[in-house]
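**Q** sequence and predicted structure below; questions after.
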Amino acid sequence: MAASLNASVSIQTTEMHTGGEPVRIIESGYPTVEGKTIFDKRRYIREHFDDFRKFLMFEPRGHYDMYGVLLVPPDMPGADAAAIFMHNEGYSTMCGHAVISLGRYLIDNGIVKHPVSPETIVTIQCPCGMVVANTSYSDGRTGAVRFTSVPAFLFAQDVAVEVPGYGSVTVDISYGGAFYAFLDAKHLGLNINKSSVSDLATAADKVTDAVKSQVKIEHPESDDLAFLYGTILTDGADDFSENPTTNLCVFADRQVDRSPCGSGTTARVALQYHRGHIKLGQARKFSSRTGAIFTAKAEEEVTYGKFKAVRVEVSGKGHYSGKCTFTLDDEDAIGRGFLLK
């Protein structure tokens, strides 16, 4: 049964960011979520509480590129918490930048008890599966986080799709907890580091729409995971180098990730490894337009369904930016949430 979003609502959050990408962690005031599994809970929220997502993600409390997470009881043995991720369009299957922030938050707020130095293991159930975060811990303070997600793999390479305004464009499709299409921005006549973010987002969104309409995505375990989440434009620097290579991830409804994108970095490492650009254990740096850096490497080969996959470790650091209490005035229809594009 849908909970009513009315003047009695009072939702408390902790605000964080990873590389400039927001993480709004919902702490209290959210309605009770029903369901046995994380997919049941995600579906229940989508069907019954979507007004609360708009209330917290949309203006005037959020913005077009806002990102949030609701912690729910896990159903996987050994998980410290389970995470439902939300954004401008709905609910995602994996979020690496949020995991990096949660690696600190779950320790700092006592959800993970008895932390140890130099690192404390934090286990987070995401819709894509279990994610293990190693959080640095010293003198009672948390720091950088490195996480290993579900197996990552190249789904399809050199796929030609017809993109309105660009003609035939070749992309690779790779999975890192979510599926992304990858291509060098120059193939769209753009410069990843110099073109406006608006132009890059528009072009990437057209690629996403084209891939969704022309390529059938399949996941080894669940149809709930079998969809293209977005497109990641790069600088094309895939060969191993000490220099950072740039990601710009455009996902959901043209939402732009301010960080290098944790799940996207995972998927790109799998792509680079499959194409022979990097070897196991070679750490690469990935940057975003904010200047944020994630470091990532393929750790081991594994089999995931019919796919040759790798376990990828991604590291970064989340930062606290505040605490909020969100309320709604009587008869405030606009305050329920809106977006201006």
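**A** Okay, I see it.
**Q** please count neighbours and contacts with C-alpha atoms only from this point.
**A** Noted.
**Q** send the alpha carbons of the helix ranked longest in the chain over as PDB?
**A** Taking DSSP state H as the criterion, the chain has its longest helix at helix 197-214. Extracted C-alpha coordinates of helix 197-214, given in PDB (Å, rounded to 0.1, in the frame of the first residue of the first chain):
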ATOM      1  CA  VAL A 197      29.100  18.700 -20.800                       C
ATOM      2  CA  SER A 198      25.700  19.500 -22.300                       C
ATOM      3  CA  ASP A 199      26.900  18.600 -25.800                       C
ATOM      4  CA  LEU A 200      28.500  15.400 -24.500                       C
ATOM      5  CA  ALA A 201      25.400  14.400 -22.600                       C
ATOM      6  CA  THR A 202      23.100  15.000 -25.600                       C
ATOM      7  CA  ALA A 203      25.300  12.900 -27.800                       C
ATOM      8  CA  ALA A 204      25.700  10.100 -25.200                       C
ATOM      9  CA  ASP A 205      22.000  10.000 -24.700                       C
ATOM     10  CA  LYS A 206      21.400   9.500 -28.400                       C
ATOM     11  CA  VAL A 207      23.800   6.600 -28.400                       C
ATOM     12  CA  THR A 208      22.000   5.000 -25.400                       C
ATOM     13  CA  ASP A 209      18.700   5.300 -27.100                       C
ATOM     14  CA  ALA A 210      20.100   3.700 -30.300                       C
ATOM     15  CA  VAL A 211      21.700   0.800 -28.400                       C
ATOM     16  CA  LYS A 212      18.500   0.200 -26.400                       C
ATOM     17  CA  SER A 213      16.400   0.000 -29.600                       C
ATOM     18  CA  GLN A 214      18.900  -2.100 -31.600                       C
END
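**Q** tell me the buried residues in it?
**A** 200, 201, 203, 204, 205, 206, 207, 208, 210, 211, 212 (16 or more other CA atoms under 10 Å).
**Q** likewise for stretch 214-233?
**A** Using 16+ other CA under 10 Å as the burial criterion, the residues of stretch 214-233 that qualify are 217, 219, 225, 226, 227, 228, 229, 230, 231, 232, 233.
**Q** per-residue confidence at the fifth one?
**A** Going back to what we said before, that points to residue 227. Residue 227 is assigned a pLDDT of 97 by the prediction.
**Q** ok so, going back, kindly indicate which of the buried residues of helix 197-214 lies nearest residue 159.
**A** residue 211 (9.0 Å; CA to CA).
**Q** hmm, residue 161 and that closest one touching each other?
**A** Yes: with contact defined as CA atoms under 8 Å, residue 211 and residue 161 form a contacting pair (6.4 Å).
**Q** the residue most central in space within the chain and residue 266, how far apart?
**A** Residue closest to the mean C-alpha point of the chain, counted by CA atoms, centre = their mean, is residue 95 at 2.6 Å. Distance from residue 95 to residue 266, counting by CA to CA, to the nearest Å: 11 Å.
**Q** from the contact counts, what lies against the helix or strand residue 105 falls within?
**A** For residue 105, the host element (DSSP states H and E) is helix 96-108. Contacting helix 96-108 under the criterion 3 or more CA pairs under 8 Å, 6 or more residues apart in numbering; DSSP states H and E are the following elements: strand 10-18, strand 21-28, strand 119-126, strand 129-138, strand 141-148, helix 262-274, strand 318-327.
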